[in-house]
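[1] Kindly return the folded structure for what I paste below:
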Amino acid sequence: QDDGSLVVDETITMAFDGAFTGAFREIPLDAGQSIDDVRVSEGTRAYRPGASAELGSSGAPDTFGTAQTSSGLRIVWHYSAANERRTFHVHYRLRGIAVAYDDVVDVNLKVWGGEWDVGLDRLTASMAGPGAVQRAWGHPFRVRGDVTIAGSRALLRALDVPPHQFVELRVLYPRSAFTSTAGMRVASGAALDRIAADELADADRAQQDEREVDRAV
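    Okay, here's the model as predicted:
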């Protein structure tokens, strides 16, 4: 958004083998970060808030609940599914994630969390901002995927994400494209060249680690 807050929409498709009644997302939040406007839906059907957000709890189908945790916010939604594919939509807004420097706004968003006990066949994440993307990267480098840039949008694709493996999309936008800093943190100094150099060094280290592992095996 123009003030640096992030409106996040997740579309999660699950293939159920057997009967299941609930799912959850853990949204990590650091000091100074906040989340609101949480919603869950399936197709055109909006889930009703107010249900239990305890892990392993039961609830009426088409309901969801939220709970503060030591690391952020947990979202739990309840349904009834058996031997089928279902697609759920989770919506929320984040503040304090983006960092505004003198030259760029740095948005490093965890687009897939490490709390999942199962792997992910395919992940796509798209970030759009008020200005043209200056640079964009995907993390960690050991995850198989790529990042492309098209104007104000950065697109990440990843395949075969292992269980308990997070994935991040980091995008730099020009500071001049934003009309307010109300939804982000502010840091002094220019950062584009420094961040780009750090990312290149991290990529080089990851490639060196892979070569050393290949030699050892």
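
[2] Helix or strand: which one has residue 92?
    strand 85-95 (DSSP states H and E).

[3] List the buried residues for that strand?
    86, 88, 89, 90, 92, 93, 94, 95 (16 or more other C-beta atoms under 10 Å). For the C-beta atoms, the positions are set from N, CA and C on the backbone; glycine is no exception.

[4] How many residues are close by the closest residue to residue 164 other than its chain neighbours?
    In this structure, residue 164 finds its nearest non-sequential neighbour in residue 114, 4.9 Å apart by C-beta to C-beta, 6 or more residues apart in numbering. Close neighbours of residue 114, defined as other C-beta atoms under 10 Å, add up to 14.

[5] again with residue 83
    So residue 83, with other C-beta under 10 Å, has 10 neighbours.

[6] Excluding residues flanking it in the chain, which one is nearest it?
    Closest to residue 83 by C-beta to C-beta, 6+ apart is residue 16, at 6.2 Å.

[7] List the buried residues for stretch 61-72?
    Going by 16+ other C-beta under 10 Å, stretch 61-72 has these buried residues: 62, 63, 64, 65, 66, 72.

[8] how near is the second one to residue 13?
    Separation of residue 63 from residue 13 (C-beta to C-beta, to the nearest Å) stands at 20 Å.

[9] what about the most centrally placed residue in the chain, distance to residue 127?
    For the chain, the residue nearest the mean C-alpha position is residue 111 (2.0 Å; C-alpha atoms, centre = their mean). To residue 127, residue 111 is 8 Å away according to C-beta to C-beta.

[10] Likewise for residue 29?
    Taken as C-beta to C-beta, the span from residue 29 to residue 127 is 19 Å.

[11] returning to that earlier point: the residue nearest to residue 83 contacts residue 81, correct?
    Yes. Contact criterion C-beta atoms under 8 Å: residue 16 and residue 81 qualify, at 4.8 Å.

[12] more neighbours, those two?
    Neighbours per residue (other C-beta under 10 Å) separate residue 16 from residue 81, with residue 81 holding more: 18 against 13.

[13] And the helix or strand encompassing the more buried one, how far out from the chain middle?
    Using DSSP H and E, residue 81 sits in strand 72-82. The chain centre lies 17 Å from the centre of strand 72-82; the measure is C-alpha atoms, centre = their mean, to the nearest Å.

[14] how about that strand as CSV, C-alpha atoms only?
    Output in CSV follows, covering the C-alpha atoms of strand 72-82 (Å, rounded to 0.1, in the frame of the first residue of the first chain):
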residue,chain,number,x,y,z
GLY,A,72,2.9,-13.7,16.5
LEU,A,73,-0.6,-14.6,15.6
ARG,A,74,-2.2,-18.0,14.9
ILE,A,75,-5.2,-18.3,12.5
VAL,A,76,-7.2,-21.6,12.8
TRP,A,77,-10.1,-22.4,10.5
HIS,A,78,-12.6,-25.3,10.7
TYR,A,79,-14.2,-27.3,7.9
SER,A,80,-15.2,-30.8,7.0
ALA,A,81,-13.2,-32.5,4.2
ALA,A,82,-12.6,-36.1,3.1
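
[15] Tell me which residues touch residue 84, please.
    15, 16 (C-beta atoms under 8 Å, 6 or more residues apart in numbering).

[16] can you do 6 Å?
    residue 16 (C-beta atoms under 6 Å, 6 or more residues apart in numbering).

[17] Appreciated, that's everything.
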